[in-house]
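Engineer: heads up, no residue letters with this:
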């Protein structure tokens, strides 16, 4: 294997990306193409967002679980909370190194079905189920292990919303507020602390949906309305307003894992009547239906989280 030390020209980066051994991933791939992690109660799977194909195993959590909040920087991925209690555990992984997760700290409140998003420095975990519904929003500094700190509150208690956004904003959509599905979209300014601000509305009340983003658009995919849906909708992240139709997933799914790089959005796993191994993608700048990408190494259960090293908050 070549020596990868030193400052690289762009041509050298492409060369190293091409000849990197199959059991490793180059730094170029991590920060440009994007390393995706799909996590669930059965563990973590990984693939490159830019290259269609199947996932491979990445490793295991410190305590196996799904339904947490996934986010990260270009180097470190975070999974916060999840089912199995619920739990307050925050784990982290290093994108370039396959292996098991390491303990990062704890959320302020143990919860599952939580929305996550981050900038390059700060990650937020919003809402969820503590045994009852929660409006709590916590944050961590991604580079520094430690317990989460209070950020503010959602507009109402909310279980199973979806979160994504830009490096400036986290946008949170849908969920279950009290006993009713919500169509509310709200946002936070990541670099400050405070309560949610109204953004607009989804096309219908929806819970158990997932979100992904590039630097300009946030997409909401799948979920449950009066039944499981295949719809994809989007907003322009740094404005406010109601949702716009984007296209459709290849099938109706809820509790899927979504993530992205600067150009491509990924939707993986989830369930309608049964769990699925399907991975599909969309081109974020161009509205249209999702297309086949590959398959998860095993059909992930219906409690998925998605994160990557090149999502919308890093661009």
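Structural biologist: That came in fine, so what should we check first? Worth saying up front: this structure is predicted, and the values here are computed from it rather than measured.

Engineer: the stretch 201-315 of the chain: strands as residue ranges?
Structural biologist: For the stretch 201-315 of the chain, applying DSSP state E, counting those that start in this stretch gives strands covering 210-213, 217-221, 231-236, 244-248, 257-260, 264-268, 276-283, 291-300, 305-308.

Engineer: can you list the weak-confidence ranges in the stretch 1-150 of the chain?
Structural biologist: 1-26, 28-29 (pLDDT under 70).

Engineer: run through the strands of it in chain order.
Structural biologist: For the stretch 1-150 of the chain, strands defined by DSSP E, counting those that start in this stretch occupy the ranges 35-40, 43-48, 56-59, 69-72, 76-82, 87-94, 102-106, 115-118, 122-129, 133-141, 149-153.

Engineer: closest one to residue 236 among those?
Structural biologist: strand 115-118 (16.0 Å; CB to CB). Where C-beta positions appear, they are placed from N, C-alpha and C, glycine not excepted.

Engineer: mind listing the strands that closest one pairs with, and their directions?
Structural biologist: Within its sheet, strand 115-118 is paired with strand 122-129 (antiparallel), according to DSSP bridges.

Engineer: among the strands of the stretch 201-315 of the chain, which gets the worst mean confidence?
Structural biologist: Mean pLDDT is lowest for strand 291-300 out of those, coming in at a mean of 86.

Engineer: that one - contacts with which helices or strands?
Structural biologist: With contacts taken as 3 or more CB pairs under 8 Å, 6 or more residues apart in numbering; DSSP states H and E, strand 291-300 sits against strand 35-40, strand 43-48, strand 264-268, strand 276-283.

Engineer: could you list every helix and strand in contact with the second one?
Structural biologist: Going back to what we said before, that points to strand 43-48. strand 35-40, strand 56-59, strand 291-300.

Engineer: next, the angle from the first one to strand 276-283.
Structural biologist: Right, the one you point to is strand 35-40. 140 degrees (axes from the mean of the first three to the mean of the last three CA atoms, to 10 degrees).

Engineer: just checking, what packs against strand 35-40?
Structural biologist: Strand 35-40 packs on strand 43-48, strand 257-260, strand 264-268, strand 291-300, strand 305-308, going by 3+ CB pairs under 8 Å, 6+ apart.

Engineer: ok, which of the ones you listed comes nearest residue 213?
Structural biologist: That would be strand 257-260 among those, by CB to CB, at 6.1 Å.

Engineer: about what we covered before: got TSV for the helices and strands packed on strand 43-48, with distance to residue 234 too?
Structural biologist: Formatted as TSV, these follow (distance: least, CB to CB, whole Å):
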stretch	distance to residue 234
strand 35-40	19
strand 56-59	29
strand 291-300	17
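
Engineer: bridge partners for residue 200, pull those for me.
Structural biologist: Taking DSSP bridges as the rule, residue 200 bridges to residue 185.

Engineer: need the contact list for it.
Structural biologist: 185, 235, 240-243 (CB atoms under 8 Å, 6 or more residues apart in numbering).

Engineer: in the residues you listed, find the pair that's most separated.
Structural biologist: Greatest spatial distance among the contacts of residue 200 (CB to CB): 240 and 243, at 11.4 Å.

Engineer: neighbour-wise, which of the two wins?
Structural biologist: Shown here are residue 240 and residue 243; by other CB atoms under 10 Å, residue 243 has more neighbours (23 against 16).

Engineer: how about that one, nearest residue that isn't a chain neighbour?
Structural biologist: Distances taken as CB to CB, 6 or more residues apart in numbering put residue 233 closest to residue 243, at 4.2 Å, once the chain neighbours are dropped.

Engineer: residue 173 too?
Structural biologist: Residue 173 sits nearest to residue 185 (CB to CB, 6+ apart), 4.5 Å away.

Engineer: make TSV out of the helices and strands packed on strand 35-40 and add distance to residue 99 and mean neighbour count.
Structural biologist: Below are the helices and strands packed on strand 35-40 laid out as TSV (distance: least, CB to CB, whole Å; neighbours: other CB atoms under 10 Å):
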stretch	distance to residue 99	mean neighbour count
strand 43-48	10	23
strand 257-260	20	31
strand 264-268	21	28
strand 291-300	16	18
strand 305-308	16	30
